[in-house]
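Visitor: whatever this is, show me its structure:
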Amino acid sequence: MKKLSETSGYKQVRKAILQQAMTKIDETLSVESKSLIFHDRLIEIIRPRNQSDRTSFRRITNWAQRLIKEGRAKEDIFKKILGYAIEASGPDSRNPAAVFMAIIKKELGYGRE
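Guide: Got it, this is the predicted structure:
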């Protein structure tokens, strides 16, 4: 019984995070401003445990911003990446940042440049 209540509590928290993360970002903002908002939401979803995590998240933000500026991705890439972050931060994930990086590399080809 206790595990069920923990799971449903987790689902409620995850749903709230998803709603907050996926709220529409003002379209009039520049790509740089949107990337700052994206980065803040990313570290809310997956709390960085160390300097390596913080560096990885900053590099992912810069990478996504560069893709948009070069025209290789649309601005919805921020939303996709946040969705992957939520997926990686599941209740059984011992290291959400590592799972997140693996998903980003597999799904979006991060690091293949």
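
Visitor: which strand or helix spans the residue nearest in space to the middle of the chain?
Guide: Centroid check for the chain by Cα atoms, centre = their mean gives Leu82 as the closest residue, at 3.1 Å. Element membership of Leu82 [criterion: DSSP states H and E] is helix 77-88.

Visitor: swap in Asp40?
Guide: Using DSSP H and E, Asp40 falls in helix 31-45.

Visitor: average pLDDT for the next helix or strand after the helix holding Leu82?
Guide: Using DSSP H and E, the helix or strand that follows helix 77-88 in sequence is helix 96-108. Helix 96-108 comes out with an average pLDDT of 95.

Visitor: helix 96-108 to helix 77-88, inter-axis angle?
Guide: 130 degrees (axes from the mean of the first three to the mean of the last three Cα atoms, to 10 degrees).

Visitor: elements contacting helix 96-108?
Guide: helix 51-69, helix 77-88 (3 or more Cβ pairs under 8 Å, 6 or more residues apart in numbering; DSSP states H and E). Where C-beta positions appear, they are placed from N, C-alpha and C, glycine not excepted.

Visitor: hang on, the earlier thing: contacts for the helix holding Asp40?
Guide: Residues from elsewhere that reach helix 31-45 (Cβ atoms under 8 Å, 6 or more residues apart in numbering): 17, 20-21, 25, 29, 54, 57-58, 60-62, 64-65, 68-69, 75, 78, 81-82, 85-86, 89.
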